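> Starting from these lines, generate the structure:
(one chain, ligands or ions: 2)
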Amino acid sequence: MTVHIPVSLGTRSYGIHVGPGLISEAGKLLKPFAKGPVPIVTDSNVAFLHLDRFIGVLQDEGIEVHPIVLDAGEGTKSFAWLEKLIGQLLAAGVDRGGLIVALGGGVIGDLTGFAAGILKRGIAFAQIPTTLLSQVDSSVGGKTAINVPEGKNLVGVFHQPSIVIADTDVLGTLPRRELLAGYAEVVKTAALGNADYFSWLEKNAVQALNGEPEAIVRAVAEACKMKAGIVARDERESGERALLNLGHTFGHALETATGFSGRLLHGEGVSIGMALAFQLSVKLGLCPAADCERLIAHLKMVGMPSAISDIPGERPSPEVLIAAMAHDKKVKDGKLIFVLARRIGETFVTGDVPVDAVREVLEV
Ligand code: NAD
Ligand code: MG
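Ligands and ions are numbered 1, 2, ... in the order given. All right, here's what the predicted structure looks like:
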């Protein structure tokens, strides 16, 4: 049932392996890359649930491992933790020709990828993503970063992994809310460019989210395939890669307005943001209302938020949200950049959206 997805980037090409129980094969898969001591960077939650077994399968292949367990949470994507991590990687004795392993969600993947990208001018790293979000999104494409007080992901490098191993069984221990937040990026990938995949999700999302092996493997693998194709055509986001921001202009504004407080997870913001992007597209006469309704019906069916009123607590005002968008990095020459839809599976990037239309959508 395992699917192998090649990411074609010339000398930086690599493979994504998606399948149930793949951790048990991680030793064999990593062995060709593992020269010398191999640090395994993870967070405290993942360490508690999955680290011992992971260490075991690597040791079975004779790999010398050095576990490094960091605090769980977005706060770990910081300069302070980067410095700590680099100290521990150096202490583990990892070399230019060696390998660093990131075992965890997007926080661990982004931080470890960045450390690997700058340590000794670049060391190979492997991604073992353990959240749905990291399996379908952050582990694919080579963007790494930490946050600074001025904003999220502002300091980082492009550093492609040498291999990605996504074991869909580890999603079984993920809290439901995190699983659904990751699923927003799955829906996004389908909605932005693959109508057949979207139709498939309409029929199979419930099974996938309940962990039925065939369904979850296909859901993850299709999203990876889509993202891998986009990254292969536009590695540095000079064009098509920006489509992956569908729902994100609105989503980031909602995250900012709710204060990154746990009131709204990133994927929840993206879920509402996608609904708003489709509503805006309908308002501008670009997209049939039926496609927007279909998207929202799917989000609701799986239990995801699809309207600003779904956010608990005080409703952020349109003015606050528009101000947040104006501060976002998705602003070019003073214009708000949106990914808009012509239908489900067909989207485009535009900087040509009247603010009044945006305000109207935010008022509903
Ligand atoms: P995360 O890494 O914080 O993981 C979410 C929570 O789940 C954490 O508490 C973690 O400890 C826990 N967890 C992880 N795996 C688990 C498992 N199998 N069972 C139980 N608990 C588990 O967050 P995330 O949602 O995976 O990633 C979010 C980060 O990814 C953000 O920092 C975001 O900026 C980044 N990101 C990066 C890219 C990229 O292209 N590099 C793309 C999207 C998002
Ligand atoms: Mg996202």
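
> wait, what's in contact with K31?
Taking C-beta atoms under 8 Å, 6 or more residues apart in numbering, we find K31 in contact with E61, I63. Yep, even glycine has a C-beta here, placed from its N, CA and C like the rest.

> Tell me how far it lies from I40.
14 Å (C-beta to C-beta, to the nearest Å).

> same thing with A184?
Taking C-beta to C-beta, one finds A184 at 28 Å from I40.

> Tell me which of those two has more neighbours.
Counted by other C-beta atoms under 10 Å, A184 and I40 do not tie: A184 has more neighbours, with 29 against 26.

> tell me which element that one is part of?
helix 176-193 (DSSP states H and E).

> Any buried residues in the helix or strand just after that helix, and which?
Heading C-terminal from helix 176-193, the first helix or strand you meet, by DSSP H and E, is helix 195-209. Within helix 195-209, the residues that count as buried by 16 or more other C-beta atoms under 10 Å are Y197, F198, W200, L201, E202, N204, A205, A208, L209.

> that older thread, run the chain-centre distance for the helix holding A184.
How far helix 176-193 lies from its chain's middle: 9 Å, per C-alpha atoms, centre = their mean, to the nearest Å.

> Show me what the mean pLDDT comes to for that helix.
For helix 176-193, mean pLDDT is 98.

> tilt between that helix and helix 195-209?
Angle of helix 176-193 versus helix 195-209, following axes from the mean of the first three to the mean of the last three C-alpha atoms, to 10 degrees, is 170 degrees.

> re earlier: what's the closest of the buried residues of helix 195-209 to C287?
Comparing those against C287 with C-beta to C-beta places F198 closest, at 13.8 Å.

> which ones are touching the residue nearest to the closest one when sequence neighbours are not counted?
What sits nearest to F198 in space, not counting adjacent residues and going by C-beta to C-beta, 6 or more residues apart in numbering, is A190, at 4.0 Å. A190 makes contacts with Y197, F198, W200, L201, E222, A223, M226, I344, G345, as judged by C-beta under 8 Å, 6+ apart.

> again with I308
Contacts of I308 (C-beta under 8 Å, 6+ apart): L254, I272, L276, R315, P316, L362, V364.

> quick one: what helix or strand has the second one in it?
It refers to I272. Going by DSSP H and E, I272 is in helix 266-283.

> Keeping just the C-alphas, turn that helix into CSV.
Extracted C-alpha coordinates of helix 266-283, given in CSV (Å, rounded to 0.1, in the frame of the first residue of the first chain):
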residue,chain,number,x,y,z
HIS,A,266,-3.5,27.6,11.5
GLY,A,267,-5.5,24.9,9.6
GLU,A,268,-8.8,26.2,11.1
GLY,A,269,-7.9,29.7,9.8
VAL,A,270,-7.1,28.2,6.4
SER,A,271,-10.4,26.3,6.4
ILE,A,272,-12.4,29.5,7.1
GLY,A,273,-10.0,31.4,4.7
MET,A,274,-10.8,29.0,1.9
ALA,A,275,-14.5,29.5,2.3
LEU,A,276,-14.0,33.3,2.3
ALA,A,277,-11.8,33.1,-0.8
PHE,A,278,-14.5,31.2,-2.6
GLN,A,279,-17.2,33.6,-1.4
LEU,A,280,-15.1,36.5,-2.6
SER,A,281,-14.6,34.8,-6.0
VAL,A,282,-18.4,34.4,-6.3
LYS,A,283,-19.0,38.0,-5.3
